[in-house]
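Q: compute the structure for the input listed below.
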Amino acid sequence: MTDRQFIEVHGARENNLKDVSIQIPKQKITVFTGVSGSGKSSLVFDTIAAEAQRQLNETFTAFVQGFLPHLGQPDVDHIDHLNAPIIIDQKRVGGGSRSTVGTYTDIAVLLRLLFSRIGQPYAGPAYAFSFNTPQGMCPECEGIGKTVQLDLDKFLDRSKSLNDGAILHPDFKVGGWIWKTYTFSELFDNDKPIQGYSDDELQALLHGAELKVSFGEFGMQYQGLVERFTRSYIKKDSAAMSDRNRAIFERFTTSQICPLCRGARLKQDVLACRIRDRNIAELSDLEVTELIKFLEDFTDPVAAKVAGRLRERVHHLIDIGLGYLSLSRETATLSGGESQRVKMIRHLGNSLTEMLYILDEPTVGLHARDVGRMNSLLKKLRDKGNTVLVVEHDPDVIAIADHVVDMGPRAGVHGGEVVFEGSYEDLKQADTLTGRFLKQHLPVKERVRKPTGQLTVKNANLHNLKNVTVDIPTGVLTVITGVAGSGKSTLINDVFLAQHPDVLVIDQSRVTANSRSAPTTYTGIMDDIRKAFAKANDVSASLFSFNSEGSCPNCNGLGVVYTDLAFMEGMTSICEICEGKRFKPEVLGYHLRGKTISDVLDMTAEEALAFFSEKKVKAVLQAMNDVGLSYLKLGQPLSTVSGGEGQRLKLATELHKKGSVYVMDEPTTGLHLSDITLLMGIIERLVDAHNTVILIEHHLDVIRQADWLIDLGPEGGNAGGEVLFEGPPHALKGHARSMTARFI
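A: Residues are numbered from 1 along each chain as shown. Got it, this is the predicted structure:
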């Protein structure tokens, strides 16, 4: 073999990597394994993917680079023989309410083409069938499918005057710029309650006159409340808002299905165009398992060719375990695992070869039945002549690897090394954590706990649920199982939580992810750490906050300085004043048991547990270590924490409670086989402390350890939504209709 048949990494030191040098075979599937925090993502994503993307971006002109994400050079000596990368990660697709499964995968393009060729009566070229073009969108809702109005009863407290805060929206608060356009307009008595306004005054307040309002040296155009809110909020896509702004937006609006298109998003003449008595909106609403049946047996040669391409693309969705989706499903509603698999669909249809595909745990959210399908797709990518790198914990995916790289030996400062390279068969014999745990499986639990009571879900009909009534036992561990799309999340996250709102939810939504939030601030122990420093030095506690009085004035407590170089790639450099320590020099002169506040924030949870004697701090640090986060640094930005790590961080903050009901959504996401045993130990302790734990989970070892199973199915989408089984795991074996029974 020549060297060009390998990607060669020399001296990788990103994050915890310890000068890693490695050869990765091209046109093969290489799976990277190891415990959470061992350095897998640092090597694959932060080093190889980042450098491949950076070098690809540099092939574009400086003008084009200005529109691309700015990527810094990873901490590596050099990487040779890289291919152009396609990075398929678990970031949610998003894209607002105009982005659907059909538009994102380009399957909708082919469906529009089919209608433009053979649909009757003729309604125009392909773009006329798009709800995102002026030629196709419904004029009433502008292609959204629903209309949103300002709810004046929620927006105004009519018993108050403008000066008293009659306008309840926070952006219109008393004293603000927008509030002044009304109070300085001289149209109203600012001390008169709104309910006392005449019809003309109310008309002026809500719909307004065209006039300029001046205050001081500044002026602003007057707009009635309804017009201003519509322009500033409703005309903007609410799906693209921040979580805070969307929550505020929804508080003051009501939405309804568009009265003209009835949610179909398209013009009436477009909806009148049909193929086999179906219009394009009706076909887009079908589950793809139904849509593929519709696309068979076309005799017209043009229609047959387009329908054939459509069937091929739709088949990819079914093969990847997403047969329950419809083309009209908004991408913003997809889970992280669904998002990643939808991204794969975009690339399976192309004929590019010698690309570098990089995937992040592609089996997240997949039932054991569908992992085999995912493996087939990975092999297809390889067999087209591509190099496939996969970060993965699932043994069934590791088993199909041509080459395995095991990182470790443990996490954080105890990781960052390559502890094994070779075949799957050799890995099973290797003395590494992965090698040892590949041979171990938790048994089916025979002696199960007895419930202390029950929580009932009544008549659940949401989405695909078929009038489900089910009892969830209390005081035990219940696992909700079933293939993707069978109704698990709908039953628990939507219906159960709505009927039992006092439940503690520990899901994979991102923990507050900005450059100023860290494990210490999220868990609440930062206040206690600051107080400990303040008491030891007899000074103010606010000095020990990098968000407040103690922050370095040069970098404002960030530790780094961002320099914008206009059309060139921006630079991030360590702050010269504090040298990345975030605090003023005088703050770093204060010590707690020989350590500065900066030293403490640079400790891992494991190191900090040995250092602190303060009870509250020690309890949280113990919990962080218990949930497998011993390697997280106390001051690490939460923007660098994965979804699985974030979920375990939430779990660490909740562990001390008793008599609670916990709901966890796939808590094994991102967990190594050895960590699953650790997680199950924590969950068992929670239940033993008289808590009720409900898990939505696919991992077979977790399912086998349940006290009670509720299995949904038998398939996803319309073919799911039934409760197939309720009972202890040992009783599931041999159940005829259950997919889970075949694998447990």
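
Q: could you check how far the residue in the chain sticking out farthest from the centre is from residue 78?
A: What lies farthest from the middle of the chain is residue 198; by CA atoms, centre = their mean that is 49.8 Å. Using CB to CB, to the nearest Å, one obtains 77 Å as the distance from residue 198 to residue 78. Any C-beta I mention is one placed from the backbone N, CA and C, and that applies to glycine too.

Q: in stretch 138-155, what counts as buried?
A: Residues of stretch 138-155 classed as buried: 138, 141, 142, 143, 144, 145, 147, 148, 150, 155 (neighbour count, 16 or more other CB atoms under 10 Å).

Q: apologies, that question was intended for stretch 306-318.
A: By 16+ other CB under 10 Å, the buried positions in stretch 306-318 come out as 306, 307, 310, 311, 313, 314, 316, 317, 318.

Q: from the middle of its chain, how far away would the stretch of helix or strand the second one belongs to be?
A: Here residue 307 is covered by helix 301-319, with elements defined by DSSP states H and E. Mean-position distance between helix 301-319 and its chain equals 30 Å (CA atoms, centre = their mean, to the nearest Å).

Q: elements contacting it?
A: Other helices and strands packing on helix 301-319, by 3 or more CB pairs under 8 Å, 6 or more residues apart in numbering; DSSP states H and E, are helix 101-105, helix 107-118, helix 288-294, helix 336-348, helix 368-383.

Q: ok, 7 Å please
A: helix 107-118, helix 288-294, helix 336-348, helix 368-383 (3 or more CB pairs under 7 Å, 6 or more residues apart in numbering; DSSP states H and E).

Q: could the C-alpha coordinates of it be exported in PDB?
A: The C-alpha coordinates for helix 301-319 follow below in PDB (Å, rounded to 0.1, in the frame of the first residue of the first chain):
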ATOM      1  CA  PRO A 301     -42.700   7.300 -20.100                       C
ATOM      2  CA  VAL A 302     -42.000  10.800 -18.600                       C
ATOM      3  CA  ALA A 303     -44.000  10.000 -15.500                       C
ATOM      4  CA  ALA A 304     -42.400   6.600 -15.100                       C
ATOM      5  CA  LYS A 305     -38.900   8.100 -15.200                       C
ATOM      6  CA  VAL A 306     -39.600  10.800 -12.600                       C
ATOM      7  CA  ALA A 307     -41.700   8.400 -10.400                       C
ATOM      8  CA  GLY A 308     -38.800   5.900 -10.600                       C
ATOM      9  CA  ARG A 309     -36.300   8.500  -9.200                       C
ATOM     10  CA  LEU A 310     -38.900   9.500  -6.600                       C
ATOM     11  CA  ARG A 311     -39.300   5.900  -5.500                       C
ATOM     12  CA  GLU A 312     -35.500   5.500  -5.200                       C
ATOM     13  CA  ARG A 313     -35.200   8.600  -2.900                       C
ATOM     14  CA  VAL A 314     -38.300   7.700  -0.800                       C
ATOM     15  CA  HIS A 315     -36.900   4.100  -0.400                       C
ATOM     16  CA  HIS A 316     -33.800   5.700   1.200                       C
ATOM     17  CA  LEU A 317     -36.100   7.200   3.900                       C
ATOM     18  CA  ILE A 318     -37.700   3.900   4.500                       C
ATOM     19  CA  ASP A 319     -34.400   2.000   4.600                       C
END
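
Q: could you give the angle of that helix to helix 368-383?
A: Per axes from the mean of the first three to the mean of the last three CA atoms, to 10 degrees, the angle that helix 301-319 makes with helix 368-383 is 120 degrees.

Q: which residues in the stretch 551-700 of the chain form helices?
A: Using DSSP state H, counting those that start in this stretch, the helices found in the stretch 551-700 of the chain span residues 597-601, 605-611, 615-626, 643-654, 673-688, 700-704.

Q: lowest average pLDDT across those?
A: Per-segment mean pLDDT for the helices of the stretch 551-700 of the chain reaches its minimum on helix 643-654, at a mean of 82.

Q: got any ranges where the stretch 351-500 of the chain has weak pLDDT?
A: Along the stretch 351-500 of the chain, no part satisfies pLDDT under 70.

Q: let me fix that, I meant to ask about the stretch 101-250 of the chain.
A: By pLDDT under 70, the low-scoring segments of the stretch 101-250 of the chain are 209-220, 236-244.

Q: mind listing the strands for it?
A: With DSSP state E, counting those that start in this stretch as the criterion, the stretch 101-250 of the chain has strands at 146-150, 212-215, 218-221.

Q: what does the longest one rub up against?
A: By that I understand strand 146-150. Here strand 146-150 makes contact (CB atoms under 7 Å, 6 or more residues apart in numbering) with 140-141, 226, 229-230, 234, 252-258, 263.

Q: so which of the residues you listed belong to helices?
A: Cross-referencing these against helices under DSSP state H gives 226, 229.

Q: now, which of the contacts of strand 146-150 sits nearest residue 670?
A: Nearest to residue 670 among the contacts of strand 146-150 is residue 255, at 35.3 Å by CB to CB.

Q: and that closest one, what does it touch?
A: Going by CB under 7 Å, 6+ apart, residue 255 touches 146, 147, 148.

Q: and what of residue 73?
A: residue 54.

Q: one more: the one 3 residues further on?
A: Contacts were defined as CB under 7 Å, 6+ apart; by that measure residue 76 touches 9, 11, 12, 13, 14, 47, 51.

Q: now those: which count as buried?
A: The neighbour count (16+ other CB under 10 Å) marks 9, 12, 13, 14, 47, 51 as buried among the contacts of residue 76.

Q: residue 666 and residue 696 touch, don't they?
A: Yes - if you go by CB atoms under 7 Å, residue 666 and residue 696 touch, sitting 6.0 Å apart.

Q: more crowded one of the two?
A: Per other CB atoms under 10 Å, whichever of residue 666 and residue 696 has more neighbours is residue 666, with 25 against 22.

Q: got a list of what that one touches?
A: Taking CB under 7 Å, 6+ apart as the test, what residue 666 contacts is 365, 508, 696, 697, 698.

Q: isn't the third one right next to residue 490, touching?
A: So that's residue 696. No - contact criterion CB under 7 Å: residue 696 and residue 490 do not qualify, at 10.4 Å.

Q: I'd like to know which of the contacts of residue 666 is nearest to residue 704.
A: Residue 704 lies nearest to residue 697 out of the contacts of residue 666, by CB to CB, at 10.7 Å.

Q: now that closest one: how far from residue 222?
A: Distance, residue 697 to residue 222, using CB to CB: 56 Å.

Q: for residue 404, pull up the helix or strand it's in.
A: Using DSSP H and E, residue 404 falls within strand 403-408.

Q: what does that strand rub up against?
A: Against strand 403-408 from outside (CB under 7 Å, 6+ apart): 22, 25, 28, 30-35, 38-40, 43, 398, 415, 417-424, 427, 432-434.

Q: any chance you could list what contacts stretch 197-204?
A: By CB under 7 Å, 6+ apart, the surrounding residues in contact with stretch 197-204 are 187, 188, 205.

Q: what distance do you get for the last one to residue 195?
A: It refers to residue 205. Per CB to CB, residue 205 is found 12 Å from residue 195.

Q: done for today, thanks.
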